[in-house]
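Engineer: can you look at this prediction? I've put the sequence above it.
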Amino acid sequence: MASLISCPHCGVRPKEEFTIRGDATPVRPGPDAPEEAWFAYVYLRENPKGRIRESWHHTSGCRRFLIVERDNVTHEVYSVVDAAQAKEAAE
C-alpha cells in the first residue's frame, strides 16, 4: 500500500506528489545576527530519531508548502498543516 499524505488543500494524496524540503524547526536569524548564529542556522542540524516536523512541498498538487509532523522511523504521519497558516498562528 502506498504512503498517503492528507493535504489540507487537496485531500489525501500519494506521497510521491510531495517533495521533502527538510527540518521545519530552525528559526532564521535576523539580518544583524552574529556570524555564529548564521553558521549554526546554515550548517548545524540535529538528526533525531522518531517524531519530527518537516517542511514539505506539494509539487504535483496545489504547490503549497506544508508542515508535516511524522515519525521518521515508522513513517506514520500525525499532522499536516499549511506552512503559511502555521507561521501566522506562531506569531
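Structural biologist: Ah, there it is. Residues are numbered from 1 along each chain as shown.

Engineer: the most centrally placed residue in the chain bridge partners, please.
Structural biologist: Centroid-nearest residue in the chain, with CA atoms, centre = their mean: residue 55, separated by 1.6 Å. In this entry, residue 55 is beta-bridged to residue 22, residue 67, by DSSP bridges.

Engineer: residues touching it, list them.
Structural biologist: 20, 21, 22, 23, 24, 65, 66, 67, 68, 83 (CB atoms under 8 Å, 6 or more residues apart in numbering). For every residue, glycine as well, the C-beta is placed using N, CA and C.

Engineer: change it to 10 Å
Structural biologist: 19-26, 65-68, 83, 86 (CB atoms under 10 Å, 6 or more residues apart in numbering).

Engineer: for the residues you listed, which one is nearest residue 13?
Structural biologist: residue 66 (10.8 Å; CB to CB).

Engineer: for that closest one, report the pLDDT, please.
Structural biologist: Residue 66 carries a pLDDT value of 97.

Engineer: okay, now it: neighbour count?
Structural biologist: Each residue near residue 66 was counted by other CB atoms under 10 Å, and the total is 27.

Engineer: ok, now residue 50?
Structural biologist: 9.

Engineer: which one of the contacts of residue 55 is nearest residue 47?
Structural biologist: Closest to residue 47, out of all of the contacts of residue 55 and judged by CB to CB, is residue 23, at 9.1 Å.

Engineer: pretty sure the closest one contacts residue 52?
Structural biologist: Yes: using CB atoms under 10 Å, residue 23 makes contact with residue 52 at a distance of 7.2 Å.
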